[in-house]
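S.K.: Need a 3D model of the following:
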Amino acid sequence: MGSHRSLVKSFKYAFMGIGFMLKTSVNIPLYFAFTLLVIVFGIYFRISSYETGWILIMALLVICMEMINTAIEEMVNLIKKEHSAEGKIVKDVAAGMVLLTTISYIIVILFILIPYILKYFK
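M.R.: Next comes the predicted model:
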């Protein structure tokens with residue numbers, strides 16, 4: 001019975017973390033809006049479920065990276081109350097991780113949608 005309570009608590013804390021991100025992050029709503037727009041284009045162009053899956057996987061990856069970035073930033077802020085070169089490096093690398101993942105997401109979207117867009121305009 002104890003493991004059941006532990007599992008429920010784990011889910012509770014996970015949902016609290018997701019809720020924190022939805023309330024405090026400027027970027028998460030933008031990622032959701034962008035992904036929704038891409039899905040609308042996908043429905044319009046009738047992209048395959050395989051292609052839709054890749055778009056959703058990449059969207060989820062970007063959101064997870066944003067959450068990792070926020071966790072790293074909060075941890076650095078907790079450990080180092082004053083600004084430091086080391087803390088800046090950690091935060092910059094984490095932000096770079098999000099940027100590279102976002103660029104990868106956009107590349108995947110372009111690889112998927114460009115053939116459909118070109119076919120549409122032919």
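S.K.: how near is the residue nearest the centre of the chain to F34?
M.R.: Geometric centre of the chain, nearest residue: I63, 1.4 Å, by Cα atoms, centre = their mean. Distance from I63 to F34, counting by Cβ to Cβ, to the nearest Å: 11 Å. C-betas here are computed from N, CA, C, even on glycine.
S.K.: Run through this protein and note the low-pLDDT ranges.
M.R.: Judged by pLDDT under 70, the chain has its weakly predicted residues at 1-2.
S.K.: quick one, longest helix in it?
M.R.: Using DSSP state H, we find that the single longest helix of the chain is helix 85-121.
S.K.: just checking, what packs against that one?
M.R.: Here helix 85-121 touches helix 27-45, helix 49-79, going by 3 or more Cβ pairs under 8 Å, 6 or more residues apart in numbering; DSSP states H and E.
S.K.: Quick one: list the elements packing against the longest one.
M.R.: Helices and strands touching helix 49-79, as assessed by 3+ Cβ pairs under 8 Å, 6+ apart, comprise helix 2-24, helix 27-45, helix 85-121.
S.K.: could you redo those helices as CSV and give each row mean neighbour count?
M.R.: Putting those into CSV (neighbours: other Cβ atoms under 10 Å) gives the following:
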stretch, mean neighbour count
helix 2-24, 10
helix 27-45, 14
helix 85-121, 14
